[in-house]
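1. Sequence below, structure please.
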Amino acid sequence: MSDLLARPVAARAALTRPRTWVWAAAGLVLAAFPFYLDRFWLQAGLFAMAAAIGAIGINLLTGATGQLSMGHAFFLAVGAYGYCAFAGDGTDGLAGLGLPGWLAAVLAVALSGLAGGVFSPIAGRLRGAYLGIATLALIFIGQHVLFNAHDLTGGFNGRAVPPLSLFGLTFDDSELLVAQVPFGSAEKLWYLGLVLLLGGALFARGVLRGRPGRAMNAIRDHRIAAGVMGIPVARYRAAVFVLSSMYAGLAGVLLALVFQRTVPEYFGMLLSLEYLAMIVIGGLGSVAGAVVGGVFVSLLPQLLNRYSDALPLVSAPGTGGIAPGEAARYLYGAAVVAVVLFLPGGLVRLAARRTKQPSRSTQSSGEDQ
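-> Got it, this is the predicted structure:
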């Protein structure tokens with residue numbers, strides 16, 4: 001009875017917290033972006049959302065469970081090309097089942113999880129650098145298949161991505177007027193990306209704050225002690241690997257929908273390294289850190305490319321300066337070194353420190369009074 005009475009009180013207390021109102025205001029601002037921003041900024045935001053979803057997945061595996069994976073890009077490719085194969089109708093000469101877009105997306109995420117499940121017995125028994133080297137083999141296998149399975153992947157040129165249809169709404173470039181504002185594919189996908197990112201972040205947050213999260217942290221901190229306490233170490237490692245693969249597959253589907261074309265070169269080892277950089281810069285083992293790191297690493301090259309004319313030493317490829325993509329890698333490489341040396345908890349830990357400082361000062365002033 002006391003628990004039932006305490007729930008409304010806790011709900012009212014949550015509504016009066018400043019953080020709740022800050023999140024609500026941020027949500028309203030994000031929801032209003034398609035009405036005011038041009039296509040470049042919307043696409044950049046969508047790339048950041050896809051990167052954040054994938055970063056949440058690898059943070060569950062590497063940050064929370066301590067399992068190093070170098071093959072995250074492989075599972076993004078499975079999701080992206082799986083969606084194309086399930087949704088394609090074969091009119092372009094490539095294999096396709098012609099399924100509805102929403103069903104193709106669900107099956108592509110499930111296919112990524114299945115691919116992770118096939119590899120999970122290895123992931124359950126290996127750890128550290130050994131698992132990293134084993135997952136690195138997935139990149140080479142994936143690249144070979146993507147370049148040579150022409151009937152399925154389109155080979156070097158890739159294949160076009162069928163638009164997603166959901167509840168009668170098609171996420172393509174056909175214009176839809178909303179409050180006298182024309183909505184194209186970027187505007188429509190913006191809200192889909194927000195929903196997917198929010199759902200993925202809340203689910204991962206629930207996992208980390210619950211019993212599975214405590215078991216994952218115990219495995220990361222001390223594997224033998226976790227086994228002595230009765231935690232099935234190999235089973236948890238395998239399950240988290242599958243979950244991380246599904247997050248990567250979802251990110252791959254969203255990336256494919258934004259790019260509107262899948263290209264094998266994109267899903268290489270460099271992409272896997274970028275995802276590791278995301279979680280290190282943002283903060284290992286934190287959902288918020290994965291989102292912050294994903295936004296930072298994905299937006300940096302796009303901003304450098306857009307403003308390369310105004311930046312020193314940065315210029316378009318082939319003009320003598322440093323290409324925006326290379327400059328971005330230098331910068332977030334330096335950010336990784338700086339975070340490891342001076343801020344082990346990542347950027348999210350820095351924000352947490354700043355929020356704690358005022359409370360300590362107010363507490364000390366209260367004690368003086």
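2. As a check, name the ranges of all helices in the stretch 1-150 of the chain.
-> Secondary structure of the stretch 1-150 of the chain (DSSP state H, counting those that start in this stretch): helices at 2-15, 18-32, 39-58, 72-87, 101-125, 129-148, 150-153.
3. now the stretch 201-350 of the chain
-> For the stretch 201-350 of the chain, the helices defined by DSSP H, counting those that start in this stretch occupy 211-221, 223-228, 233-259, 269-282, 287-306, 324-342, 347-368.
4. Just say which of these is most tucked in.
-> The highest average neighbour count among these, using mean count of other C-beta atoms under 10 Å, belongs to helix 233-259 at a mean of 25. The way it works is simple: take the backbone N, C-alpha and C, and place the C-beta from them, glycine included.
5. ranking the helices of the stretch 1-150 of the chain by burial, who's on top?
-> Scoring these by mean count of other C-beta under 10 Å, the most buried comes out as helix 72-87, with a mean of 28.
6. Could you list the low-pLDDT ranges of this structure?
-> Scanning the chain for pLDDT under 70 picks out 1-18, 316-320, 351-369.
7. Who are the contact partners of the residue lying closest to residue 163 once chain neighbours are set aside?
-> Counting by C-beta to C-beta, 6 or more residues apart in numbering, residue 163 lies nearest to residue 172, which is 3.9 Å off, once chain neighbours are set aside. Counting by C-beta atoms under 8 Å, 6 or more residues apart in numbering, residue 172 makes contact with 163, 184, 185.
8. Can you read off the backbone torsions of the first one?
-> The phi/psi pair for residue 163 (degrees, to the nearest 10) reads phi -70, psi 150.
9. ok, it touching residue 170?
-> Yes. Counting by C-beta atoms under 8 Å, residue 170 is a contact partner of residue 163 at 5.4 Å.
10. and the two? which has more neighbours close in?
-> A direct count of neighbours by other C-beta atoms under 10 Å for residue 163 and residue 170 places residue 163 higher, at 17 against 14.
11. if we can go back for a sec, for the helices of the stretch 201-350 of the chain, which one sits closest to residue 95?
-> Ranking those by proximity to residue 95 (C-beta to C-beta) places helix 233-259 first, at 15.7 Å.
12. now the angle from that closest one to helix 211-221?
-> For helix 233-259 against helix 211-221, the angle by axes from the mean of the first three to the mean of the last three C-alpha atoms, to 10 degrees is 110 degrees.
13. now the helices of the stretch 201-350 of the chain in JSON lines, with distance to residue 194?
-> Below are the helices of the stretch 201-350 of the chain laid out as JSON lines (distance: least, C-beta to C-beta, whole Å):
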{"stretch": "helix 211-221", "distance to residue 194": "24"}
{"stretch": "helix 223-228", "distance to residue 194": "36"}
{"stretch": "helix 233-259", "distance to residue 194": "11"}
{"stretch": "helix 269-282", "distance to residue 194": "19"}
{"stretch": "helix 287-306", "distance to residue 194": "12"}
{"stretch": "helix 324-342", "distance to residue 194": "24"}
{"stretch": "helix 347-368", "distance to residue 194": "20"}
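14. wait, which of those is closest to residue 131?
-> Taking C-beta to C-beta, helix 233-259 is the member of these nearest to residue 131, at 8.8 Å.
15. Report the distance from that closest one to the chain centre.
-> How far helix 233-259 lies from its chain's middle: 9 Å, per C-alpha atoms, centre = their mean, to the nearest Å.
16. So which elements touch that helix?
-> helix 39-58, helix 72-87, helix 101-125, helix 185-209, helix 211-221, helix 223-228 (3 or more C-beta pairs under 8 Å, 6 or more residues apart in numbering; DSSP states H and E).
17. Columns distance to residue 132 on top of these, output as JSON lines?
-> Formatted as JSON lines, the helices and strands packed on helix 233-259 follow (distance: least, C-beta to C-beta, whole Å):
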{"stretch": "helix 39-58", "distance to residue 132": "12"}
{"stretch": "helix 72-87", "distance to residue 132": "11"}
{"stretch": "helix 101-125", "distance to residue 132": "11"}
{"stretch": "helix 185-209", "distance to residue 132": "22"}
{"stretch": "helix 211-221", "distance to residue 132": "15"}
{"stretch": "helix 223-228", "distance to residue 132": "16"}
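18. just so I know, which of those lies nearest residue 95?
-> Relative to residue 95, the nearest member of these by C-beta to C-beta is helix 72-87, separated by 5.9 Å.
19. how much does the closest one deviate in direction from helix 129-148?
-> Using the same axes, to 10 degrees: helix 72-87 against helix 129-148 is 40 degrees.
20. And helix 72-87, what does it pack against?
-> Using 3+ C-beta pairs under 8 Å, 6+ apart: helix 72-87 touches helix 39-58, helix 101-125, helix 129-148, helix 150-153, strand 159-160, helix 233-259, strand 261-262, helix 269-282.
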